[in-house]
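J.: Task: produce atomic coordinates for the following.
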Amino acid sequence: MKQLLKFAMVGVLNTTLGYAVIFGCMYAFGLGAVVSNIIGYAIGLMVSYSLNRSFTFRSAGARRAEMVRFVAIFMLAYLANLGVLVLLIHRFGSHEGVAQAVAGVAYFGLSFILNKYYVFRRVQIDPPPTKTQPESRS
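T.: Numbering: from 1, shown residues only. So this is what the prediction gives:
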């Protein structure tokens with residue numbers, strides 16, 4: 001439960017930072033919405049990976065492999081979010097705001113589970129075999 005709370009805290013911080021970067025790029029630097037969005041999400045992904053690695057899951061795994069898995073899980077969770085959103089709105093006639101909230105919960109839950117058990121999984125390393133002492137002959 002503690003990891004879930006930490007994951008949520010990182011998500012809130014990351015979302016806040018991402019939007020700050022997006023709006024900063026748009027209004028302070030005059031960049032277009034698409035370019036600003038790409039920059040905001042890129043920075044957000046890096047911050048999210050770093051905080052989840054060090055703060056949420058305290059991982060000591062190989063960074064490059066984790067980063068590749070992290071980006072893949074982000075894309076998978078986003079596609080699941082989009083799928084739930086479209087399904088709720090177009091198949092079940094849900095209110096768009098409600099559908100966004102439910103899709104967001106699906107994204108959060110899937111992302112947490114896959115980050116915990118796939119991206120930042122703890123790899124068990126077998127201890128080296130112990131040397132046995134030769135039997136003493138009496």
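J.: ranges for the strands of this structure?
T.: Taking DSSP state E as the criterion, the chain carries no strands.
J.: show me the biggest helix of it in terms of residues.
T.: For the chain, the helix with the greatest residue count under DSSP state H is helix 63-86.
J.: Could you tell me how far that helix lies from the centre of the chain?
T.: From the chain centre to the centre of helix 63-86 is a distance of 7 Å (CA atoms, centre = their mean, to the nearest Å).
J.: Report all helices and strands that that helix contacts.
T.: Of the remaining helices and strands, those touching helix 63-86 by 3 or more CB pairs under 8 Å, 6 or more residues apart in numbering; DSSP states H and E are helix 33-51, helix 96-114. (Glycine included, C-beta is placed from N, CA and C.)
J.: Let me see the domain layout of this protein.
T.: What the record gives for the chain is the domain set 1-58, 61-123, from automatic domain parsing.
J.: With mean neighbour count and mean pLDDT added, can I get these in JSON lines?
T.: Formatted as JSON lines, the domains of the chain follow (neighbours: other CB atoms under 10 Å; pLDDT from 0 to 100):
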{"stretch": "domain 1-58", "mean neighbour count": "15", "mean pLDDT": "95"}
{"stretch": "domain 61-123", "mean neighbour count": "15", "mean pLDDT": "94"}
